[in-house]
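In: okay, predicted coordinates and the sequence, questions at the end:
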Amino acid sequence: MEENTNNEQEHKELSGVKHVSGMFKNWFIDYASYVILERAVPAMEDGLKPVQRRILHSMWELEDGRYNKVANLIGNTMKYHPHGDASIGDALVTMGQKDLLIDCQGNWGNILTGDSAAAPRYIEARLSKFGQEVLFNPKTTNWGLSYDGRNKEPLTLPVKFPLVLAHGVEGIAVGLATKILPHNFNELIDASIQILRGRKAQIFPDFITGGIADFSDYKDGMRGGKIKIRARIKELNSKTLVISEIPFSTTTGTLIDSIIAANDKGKIKIKKVEDNTAENVEILIHLQPGISPDKTIDALYAFTNCEVSISPNACIIENEKPRFLGVSEILKISTQQTLELLRRELEIEKNELEEKWHFSSLEKIFIKEEMYIDFKKYSTRESLYEYLYERFKPHRKKLLREIVDEDLQRLTQIPMIRITRFDTIKAEEHMKELEAKIEAVKGHLANLVDYAVEYFKNLKKKYGAGRERKTETKELETINATQVIIASEKLYVNRAEGFAGKSLKKDEFVCDCSDLDDIIAFTKEGIMKVFKVSDKVFIGKDIIHIAIFKKNDERTTYNMIYTDGPKGITFIKRFNVTGVTRDKEYNLTKGTPNSTVHWFTINPNGEAETVQVILKPVSGLRKFELDVDFSEIPVKGRASTGNIVTKYAVKKVLLKTKGASTLAAEDYWFNDAVHRLNKEGKGTYLGKFAGEDKILTVTSKGYYKLYTYDVLNHFDEDIVLIEKFYPQQTLTCVYYDGESKSYITKRFLPENTTSKTLIITEHDDSRIELITSQIQPVIDVKFGKQKDKDIPDETVNLVEFSPVTNMKAKGKKLTSYKVKEINLRESQEIELEDFSEEDESIGGNGLSPMELHRRAMEKLDPNNFKGKDGQINFDF
């Protein structure tokens, strides 16, 4: 049997039979390697894919300073690129839209709107000046044959710039992909200079579409990194939002489609969207009446393409193999390559100059010594060369290298008219010029790093204008979708039967909700359940409370009195519900069947009421009414049993006194990095807030506005003052008046308005120099020279100098001299140990900051607070 098998195998091998599995393995590897190396992934040497390299080489071939039809460029490139005109045209348009290497003319499409370019026969292109300078040098280019062997093409271009990082690239190969994001032109040059000087450089992407990006998780552009990009959305007015910049990888069309889709799904509420995009993005979003602009902005980020996440994956081809590198390493390699290319160019230039000097020396000696006179005596080339070698022997030491036959060949071909008109003085001057150039090149080679630094600086000087960063780098907060989604659904409940959901439209309406909300419900038997909003859910019969559940809410307190079982003990408890498992039933009693809840209230700020428990008549019981104060009961977990109220049967529980909040005002901070409020201690502490408290803000352009302390609020980017608002606290400001070109001071009481109000003059150049709520603000003013005369510095007490005026008043001119600098002195520190620190909010049991400031000022200057009799008045 074994012999037959072996014979069969030998027969197959002799007959040339090949297994498909083996062929597939070899062919697949060949195909995958080809796609990776020749199609999808750029080379490290020049940062270009083969199709891009061939397009640029073809344009260099046709370069004559004039524009060429793109159709002609595509046709010329096809002799180098074997994959058809479509791939060439698409790659050419993509490069042209990046506005770096190609100078475009005609309709090349719009990266903002996603409009495609016109047909190749209608548009034209040529190499940009920058492209010509950094891409090409035939003397340092490595050449190879094209796919058909008819033409020479560059294997890589000698690019002296980190092109792959400036352009960015995206490619999908077989089993491998690359995604390198575009970076800022000027920042790449600055980073390259830092690397040349031996320093570390950190770079982040910059997108031509602008937007706001968070690069905190960029991870140097390697796999596993992620960046978050947002559109720039501003509040035009209370009814309109405007989008002026869009995220990278989106267009105005896809962005608007995502907004309309979110509106159709009920996640946001808008009236209409207008696209006015032309040269710049302008998308107007008109809101429905009563919809919050701040909340809508967050909802746009949460539910539309106004916020996108991009995962980079930097991969390049180096030494015929793919490598995954960080962008910092790619930049470092690119900078070293540029340094090496500059060295090679200098060496080539040096050799060429030395060759020119060498031949000029030979020519001068040849003509000066009249070696050409005896040419007729030598009939053969060998004898003539022998004669010339002999004549040059005395002058060999003056030359840079040995004389070769090629040198003599060039000398014998000098025309007689040039010999007769030879000017020795001009020849020596020419040789001195060559010597100076050689020395300069040698100096550059000796100081190659400095030369490379100057090279990069010149690139920035020549081509950096208009290439400033477009994408703002900023830490972006995470938006809680459940907080910003529009409540477009309605929740209903059938309390008796124990059902709740969106479809029970004939039953009791509970509240508006959204598909993302969780619902919390309690039954008469003491069962609690949290569930997702749906059409119909069974909770349990006799529902006593149902509402939207706020996860991790530590302020909402539930007050409850229940009897354990039909004849058990009655307990009282207070608890919070912070985190739960969805769709799980929680028993808030001791778990005895047929337990009864007699009293249940929900208190958003921890209110604690007083109730009257009325007992059932029992023989021997003298007191049938019990007063119970919930404020005496500590707040514990939901699983706690509670405190005993009575062992007797309870008839009913009645409210005796409404509860006051048992929780203190909440602390709020302003995070400067994200320009949002928070309660986690991030950023600048603003104070304790409760009730109708507000936040005061002033921008650098002089706009004043009050905000609530809602964490969803959006604040202006150019805020120069943000603090808690106190109606009686005087603000002092110094501002520059653009109209009169002078500095103005004013002191005013802030108005209680949430409208944006201008408190300085309405001029483009007007700006806030400083603004403070100090009680006794003092500034130091430094003056510039006035007609070659030095003006001494002044110290100004603004309380004495500037009277309190209306908030919209212009104010008082500070000085007529030219001001160089204005500095606010720090307020004097006062020991406030004797004063109350209980509660800083106005109307609380403690003293407000204004009161503390006033009492502190008595210590500084008692005269400011004397009564009519001249005695200090301490009666407040």
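Out: Yes, it's here.
In: buried ones in stretch 640-647, by neighbour count?
Out: By neighbour count with 16 or more other CB atoms under 10 Å, stretch 640-647 contains the buried residues 642, 645-646. Yep, even glycine has a C-beta here, placed from its N, CA and C like the rest.
In: next: stretch 536-545.
Out: 537, 539-540, 542-543, 545.
In: for the one helix or strand F359 maps to, which helices and strands make contact with it?
Out: In this structure, F359 sits in helix 327-368 according to DSSP states H and E. On a contact count with 3 or more CB pairs under 8 Å, 6 or more residues apart in numbering; DSSP states H and E, helix 327-368 meets helix 163-167, helix 185-196, helix 405-412, helix 424-446, helix 448-463.
In: can you point out the buried residues in the third one?
Out: By neighbour count with 16+ other CB under 10 Å, helix 405-412 contains the buried residues 407-408, 411.
In: pretty sure M95 contacts Q52?
Out: Yes - M95 lies in contact with Q52 (CB atoms under 8 Å); the separation is 6.2 Å.
In: please, where are all the helices along the stretch 51-200 of the chain?
Out: 70-77, 85-97, 129-135, 163-167, 185-196 (DSSP state H, counting those that start in this stretch).
In: relative to T424, which of the ones you listed is closest?
Out: Evaluated over the helices of the stretch 51-200 of the chain, closeness to T424 peaks at helix 129-135, with 38.6 Å, by CB to CB.
In: and the closest one, C-alpha only, in PDB?
Out: This file holds the C-alpha atoms of helix 129-135, laid out as PDB (Å, rounded to 0.1, in the frame of the first residue of the first chain):
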ATOM      1  CA  LYS A 129       8.100  77.200  -6.300                       C
ATOM      2  CA  PHE A 130       8.400  75.300  -3.100                       C
ATOM      3  CA  GLY A 131       8.100  72.000  -4.900                       C
ATOM      4  CA  GLN A 132      10.800  72.800  -7.400                       C
ATOM      5  CA  GLU A 133      13.100  73.800  -4.600                       C
ATOM      6  CA  VAL A 134      12.800  70.900  -2.200                       C
ATOM      7  CA  LEU A 135      11.900  67.900  -4.500                       C
END
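In: any idea how far that helix is from the chain center?
Out: Distance of helix 129-135 from the chain centroid (CA atoms, centre = their mean, to the nearest Å) equals 30 Å.
In: other SSEs contacting that helix?
Out: Partner elements for helix 129-135 (3+ CB pairs under 8 Å, 6+ apart): helix 50-62, helix 448-463.
In: what's the last one in contact with?
Out: To tie it back to what came earlier, the one meant is helix 448-463. Applying CB atoms under 8 Å, 6 or more residues apart in numbering, the set of residues contacting helix 448-463 from outside is 129-130, 133-134, 160-161, 185-186, 189-190, 192-193, 196-197, 338-339, 342-343, 346, 444-445.
In: mind giving me the ChimeraX command for buried ones among these?
Out: Here is the ChimeraX selection string for the buried members of the contacts of helix 448-463, based on 16+ other CB under 10 Å:
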select :130,133,134,160,161,185,186,189,190,192,193,196,338,339,342,346,444
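In: for this structure, what's the longest strand?
Out: strand 650-661 (DSSP state E).
In: buried residues in stretch 677-691, which are they?
Out: Neighbour-count burial for stretch 677-691 flags 677, 683, 686-690 (criterion: 16+ other CB under 10 Å).
In: for stretch 732-747, same thing?
Out: So, applying 16+ other CB under 10 Å, buried residues of stretch 732-747: 732-737, 743-747.
In: now stretch 803-818
Out: Neighbour counts using 16+ other CB under 10 Å place 811, 814, 817 of stretch 803-818 among the buried residues.
In: same check, this time on stretch 318-330
Out: 322, 325-330.
In: farthest pair within these?
Out: Of all pairs in the buried residues of stretch 318-330, the most separated under CB to CB is P322 and S328 at 18.5 Å.
In: wait, isn't T113 in contact with E279?
Out: No - T113 is beyond contact range of E279, at 10.8 Å (criterion: CB under 8 Å).
In: about what we covered before: show the average pLDDT along the helix holding F359.
Out: For helix 327-368, mean pLDDT rounds to 94.
In: so where's the stretch 101-250 of the chain shaky on pLDDT?
Out: Within the stretch 101-250 of the chain, no stretch has pLDDT under 70.
In: same question but for the chain, I mixed them up
Out: 1-25, 28, 828-876.
In: element containing the most centrally placed residue in it, please.
Out: Among the residues of the chain, the one closest to the centroid is A213, at 1.5 Å (CA atoms, centre = their mean). A213 belongs to strand 212-214 when elements are defined using DSSP H and E.
In: count of neighbours near E717?
Out: 12 (other CB atoms under 10 Å).
In: please apply the same query to G591.
Out: G591: 11 neighbours (other CB under 10 Å).
In: roughly how far does it sit from I438?
Out: 99 Å (CB to CB, to the nearest Å).
In: in contact with G811, which residues?
Out: Counted by CB under 8 Å, 6+ apart, G811 has contacts 733, 735, 744-746, 802, 805.
In: let me see the backbone angles for it.
Out: Backbone geometry at G811, expressed as degrees, to the nearest 10, gives phi 110, psi -170.
In: now the closest residue to it other than its chain neighbours, what's its secondary structure?
Out: What sits nearest to G811 in space, not counting adjacent residues and going by CB to CB, 6 or more residues apart in numbering, is K746, at 3.0 Å. At K746 the chain is in strand, as set by DSSP: H, G, I helix; E, B strand; the rest coil.
In: so K746 makes contact with T805?
Out: Yes - when contacts are counted by CB under 8 Å, K746 is listed as touching T805 (5.9 Å).
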